Structure formats: structure tokens, C-alpha cells
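Peer 1: have a look at this prediction, sequence included:
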Amino acid sequence: MNQTPVYTPIPMTMTTDGATAAYKIPGQGIIASSSSSSSSRRALSRCLLCATRAGAWVSRRRYELAPLGGTSALTVLGLAQDGTSPALAYGTLAALSGAGAVAGLKHKNQLVTHVGAAGFIALADVTTAVAAGFSWPTATAWALATGAAYGVYGPWLATQRNARMKLHVDTVKAKGAVPEALGLEAADPGLTGASPEETALRRGFHALTGAVPFAVHAFHRGPDGSWSCILKTPPGRNTAPALLVKRAGQLQANMGVPGRLTLAEGPEANDLIVKVAMSDTLASTIAVTDTGVITCREPVMLGRDEDGETFLLRLLYRHTLVAGASDWGKSGIVNLILKRLNRCEDVDLYGVDMKPGQPELGPWRGRMKALAGNAVQARELLEFIRAECDRRGAILSELSKQAMAEGRGPVRKWVPGEHGTAIFVVTDELAELVRQDDDLAKLYESLLAIARFLAIQFVSATQQPSRKVFGGSTDARGNYANRLSTRAGEAGHAPLIFGQGCQTRGWRPELLDLPGKFLAQTPEHDTPRVYRAEYVSDTDIADEVGFFYSEIKDTEPQPALTDEPWVEAFAPLRFPDGSTVGRDQWPDLYRVFAGLGGGATKKELAQACRVSRDTAMRAIDEWTQRGVVSQRDGRSTRYYLPKETP
């Protein structure tokens, strides 16, 4: 029977041999101490740990250390080379690089300048290392090269990191998979609304301004899918409702919703009224109405907007431009303006229609003081208007003197009904007028500039009001405070009407889809909104003109001013044959001649006017063709007005 061996512990003894300790197990030899190998392993581990941490630090700072590593490598390469020839070669290359940098500065070439400067710094560092070896000059050159490298590299690196950070922030703002799965707004707080329309509005507003709306309330949905609401805008330079109204087109593009978007300022300072219409409320024709306005001092009604609000246009002291392609309602708007002015008791109408037979303004001939149908008649009409400007200006000057003498302020404007009537000159197709007589453009432009304060206004209709319409040398569109446009033929026509950059602010007349629809830019209407004018039919024109031919209304002209005698001095000068004295027919001399009782000879006229006898002779020769009569007076010839003839 085998017996299991029993383990019996053997006591361990320790011996001491000098400074070295050994342990002895009975039956075995003495085992030496392992402290020396452990210390070596620990030292190796520490070195590996330091190397790993240093490598990780260098890896994290690799972009910051790039210039240091580059200049250090160049310095080491220079130290590895020794001799005069390499130093001269590198020095020559450094000089050429410096010359290239100077040439780049001289010719303003940034690329050549930067490359040349970088090459000069690098080659100068290598040249110093090759020539001086391991010395302080080499260290100094290395430090300067490194500093210069960081001076250029540092700002570039900061710019790149800012761009990466911005990209990261923009990426985070976009709704990611995790927030979408959680149903949270972690990536875009405030951009999700209670309905798809509100969400589209919030995100479109954010894309347009970079801000998040405070709130969207009073949301209302119509039976046809139209909807409206009030958006509370946050404070900021580009979030004011008045500015956002002008950017409605861009906001709708950002929203990506169907329908037509219109914006308006709300009752509060930061309220923006948002309306999206799914149907066209201006699709039906609007019948003309009688407003009851009988003075041009009140604005006239032309039509309505999409919300049914009336559009009122102030005509007094403003020139009006009506533009648009043919057959889209431009002439209809002109006829509507004529109808409104025709009812005003303090208005005189004049017209210019260069089309053969005057088809547009001809029906109004009976209500106009004059209607020019060709270039000659147009020139006579404009010259009459210019003379009327002089007459009214002289009257206002005299009225101002009287008012100042009485302690009142000066009289600066001609007031219809108080000083006389207002004059409206309606021109159909202004471009045709200029094409038939180039010189008329300058006269027309001059009147646009000086006539408004005298209550002389122009209503001009044209298809394309470009600079060429006014003779090509200037642009008179700035004189039109009221600018109306029906549908334009092309997208490029909009800046000709509403000014450069108008399309980005929503002025898009080429998108109007029905005759009679128009956009209006006036001092009271600086936001692009679509209106539709009331329709004036041919029957309406016949009824309007016939109404004033009938005895229903008293058409006797009212006195232009008080009956004070001094007013007669400012009446237009006329020749005996009834024609007006033109600006090139010596009006100043004629006024003196008319005031000389008993007529005058050429010599007497020259002495009275202090002009040469030749000038007096040419003036009298012109006047005799206009009704001035002559009679022999001894050896001389005396000239008279017919009523003064003895």
C-alpha cells in the first residue's frame, strides 16, 4: 500500500556576507538578489513612457511645430556641409531670392514677393550654418529664421483654425441623426414650429438673418390653404420689420413653400405680418369708380392691392413715370390718371402724343388746353411751358416780397386754387418724342428739374425709360418721384424703372401676369406690392368727356389769381398776331418796345434797350413778321403795335 508523502516546511535561513544579503533554502544553493535587473526595467519603462508622451505632444502640436522643424532641418543640413564654395553658392541664391522679393513689391505681385522672401530667409539660414559652423552666429540666424517663419505662419494657421471651427459650428447647427431620433432641437433650437408652415417660416427667417424668431403667433389658415401669422423679430441690424418687408422674395425662396408671400409691418415695433396667398385676389377686373375728388391737392385712387386696400397716388408737385410693355395696361393707367385729373377744378391738362392720329390721348383732346401731335407742336408746347415757368416764378417772387414786407414767410410754391391752376403735361411714349427731335430731350429734362414747385407736373409713359430716352448724356429718371410699372418685357428692364439692385429687394415687374397689374414706387410706397388699376374702358372715356361737354357741370374757368393790377405784368408776352414771344425772339427788348408809347425807330429802340443798332434791327425784322406795323416818320421808319398806329 502506497503512502502519500507529507509536505514538511523547511525553515529558511539568511546569511550575511558583507553588504550583500543571501537567502538559503535547505537543499538548494544560495539565490542572488534581483534588485539590479528590476531597476533597469523600471528605467527603461520610464524612458519609453517619456518618449511616448513626447511623441503624443509633438503629434498634437505638429502644426505649431512645423516652422521650428523646418528651420532646424535647414540649419542641420547647413552644419553638415563645410566649405567656402557651398557658402558662396547658397549666398548667391539668397541674394537672388531677395532681389525677387523686392521686384515683387515694386510690381505689386504678392506671390513673387512671398516666395522671394521665404527663399531669402531659408537660404540665409543655410548660408550662415555652412559658413560659420556650430557657433553663435548660426544659432542667431536660426532664431531669426524661425521667428520670421512664425510671423507669417502664425496668422495663417489662426485663420485656418477659425474657418474649421466655423465649419464645425455650422455642421452642428444642422439637425443630426441623434437629435432627430430623440425628437429634440439640440442642433437648431427655435427652428421647429407647431406646423410645417411655421417651421418653414422659422427656418427661412434664420437662413435670411442668422437669428431665431422670438415667437410666431396669431396663426390663421384660410379655406383655400392661404395662411397668415405675426412673427416677433429679435433685435438686430438686419431683423427690423421695415428691412425684412423689402426682402420678401428672398425669404420666400428660403422657405420653399407654395403661394405668394407678402410682408408688412405689424402694430408693434418688432412685429412682422406674414401672409401667404394660395389664390389671386386680383384676378378679376376692377371697375372704375367715382371718388368725388375735385382738387389735385388730394391724392387720386388708382386701384387696390391683394388685401383690398386702396392705392392712393399723390400727383401734385411730383412727376410720374408709367412704364411697361405694350398691351399690359400702361395706357389704361394713363387714362385713369387723366380721368381723375379731369374732375379736378384746379387743373389744366396738356398732352403730347406722337403717334399718327393721337390714338391714346386724342379722345381727351376736348378737355386739354393743347395736344401736340408732332415734333413742331411738341416744341411749341414745351417752350410755352418754359415761358409759363418764368411767369409763375416772377409772380412767386413778387408775392414773396409782399409777404416778407408784411412780416410773413416767403412764398416758395405755387398753390393750385390760390395762385392759379396746376398744369399737368401727359406724354404718351416719351421715347418717340425724343427720336423725332433730339433737342427736345434737353428741354424736357430741364422742365422736369425746375417745374415742380410751380405746380407744373409731367406724367410720362414709355416702355423702357433708359438714359437713351433722355438723349444719352444724362439720366432724368431721378426726377420722377412716382414710378409705376406694368409687366416688363424682360427681367433686365426692372433696373431701368426702379433703379439698380431693385430685383434683390423684390421689384420684379416681369412677373406680373395680368393686364392692369402694376408695381408702384413712391415716397409713400417703398415696398414692392402688387396692385391692380381700375379699368377705364372707351365707353368710360366717352362718358367722362361728354360729362364735361354737357351742362351738368359749370366749366367756366376760375380766376387764376386776385385781380390786382400788378399780376398783368407777368402775363405771357404775345405778338399782335396772337403768338407767344419765344425765348429766341428778344422778349426783353419786346417788353421795352411794348412799353414805349408812340412806337420807336430802330435807333430809339437801340438807345432805350442799350443794345447795338444791328441787334435792334434784327429784332424788329423778326417782329414785323408777327404783326408789328411800320410807318414813315420823316427820314426814318417808326414801328408800332397795331393799336398804337397813328
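Peer 2: Here it is on my side, so go on.
Peer 1: enumerate every residue touching the residue nearest in space to the middle of the chain.
Peer 2: By C-alpha atoms, centre = their mean, the chain has its centre lying nearest to Gly501, at 4.5 Å. Contact partners of Gly501, counting by C-beta atoms under 8 Å, 6 or more residues apart in numbering, are Pro495. In this view, the C-beta of every residue, glycine as well, is placed from N, C-alpha and C.
Peer 1: pLDDT score for the closest residue in space to Ala200 that isn't next to it in sequence?
Peer 2: Spatial nearest neighbour of Ala200, excluding adjacent residues (C-beta to C-beta, 6 or more residues apart in numbering): Met255 at 4.5 Å. On pLDDT, Met255 comes in at 90.
Peer 1: give me the residue ranges of the protein where confidence is low.
Peer 2: 1-36, 167-189, 464-477, 547-571, 644-646 (pLDDT under 70).
Peer 1: longest helix in it, by residue count?
Peer 2: When the chain is parsed with DSSP state H, its longest helix is helix 136-173.
Peer 1: tell me what Phe518 is bridged to.
Peer 2: Tyr531 (DSSP bridges).
Peer 1: who touches Arg386 in this structure?
Peer 2: Shown in contact with Arg386 (C-beta under 8 Å, 6+ apart): 443, 446-447, 583.
Peer 1: tell me which of those residues fall in helices.
Peer 2: By the criterion of DSSP H, membership of the contacts of Arg386 in helices covers 443, 446-447.
Peer 1: before we move on, the earlier item: from the contacts of Arg386, which two are the most distant?
Peer 2: Greatest spatial distance among the contacts of Arg386 (C-beta to C-beta): Leu447 and Arg583, at 13.0 Å.
Peer 1: of these two, which one has the most company?
Peer 2: Leu447 (22 against 11; other C-beta atoms under 10 Å).
Peer 1: element containing the residue nearest to the more buried one when sequence neighbours are not counted, please.
Peer 2: With sequence-adjacent residues excluded and distances taken as C-beta to C-beta, 6+ apart, Leu447 is closest to Ile385, at 5.9 Å. Per DSSP states H and E: Ile385 is located in helix 375-405.
Peer 1: quick one: the very next helix or strand once past that helix to chain centroid distance?
Peer 2: With elements assigned by DSSP H and E, the helix or strand that comes after helix 375-405 is strand 422-428. Centroid separation between strand 422-428 and its chain, computed with C-alpha atoms, centre = their mean, to the nearest Å, is 30 Å.
Peer 1: who are the packing partners of strand 422-428?
Peer 2: helix 330-342, strand 347-353, helix 375-405, strand 456-462 (3 or more C-beta pairs under 8 Å, 6 or more residues apart in numbering; DSSP states H and E).
Peer 1: and with 7 Å instead?
Peer 2: When contacts are defined as 3 or more C-beta pairs under 7 Å, 6 or more residues apart in numbering; DSSP states H and E, strand 422-428 packs onto helix 330-342, strand 347-353, strand 456-462.
Peer 1: which other helices and strands contact the longest one?
Peer 2: It refers to helix 330-342. Using 3+ C-beta pairs under 7 Å, 6+ apart, helix 330-342 sits against strand 300-305, strand 319-323, strand 422-428, strand 456-462, strand 530-533, helix 538-549.
Peer 1: other residues contacting stretch 585-605?
Peer 2: With contacts defined as C-beta atoms under 7 Å, 6 or more residues apart in numbering, stretch 585-605 is touched by 573, 581, 608-609, 611, 613, 616-617, 619-620, 622-623, 633, 636-641, 644.
Peer 1: filter the residues you listed to the buried ones?
Peer 2: 573, 581, 609, 611, 616, 619-620, 622-623, 638-641 (16 or more other C-beta atoms under 10 Å).
Peer 1: let's see which of those end up in helices.
Peer 2: Assigned to helices by DSSP H, the following of those qualify: 609, 616, 619-620, 622-623.
Peer 1: kindly reformat these as TSV containing distance to Pro234.
Peer 2: As requested, these are exported to TSV (distance: C-beta to C-beta, whole Å):
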residue	distance to Pro234
Cys609	73
Ala616	78
Ala619	74
Ile620	79
Glu622	73
Trp623	75
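Peer 1: could you list the buried residues of stretch 82-101?
Peer 2: Here stretch 82-101 shows 86-87, 89-91, 93-94, 97-98, 100-101 as buried, counting by 16+ other C-beta under 10 Å.
Peer 1: then stretch 435-448?
Peer 2: Buried-residue list, stretch 435-448, by 16+ other C-beta under 10 Å: 437, 440-441, 443-445, 447-448.
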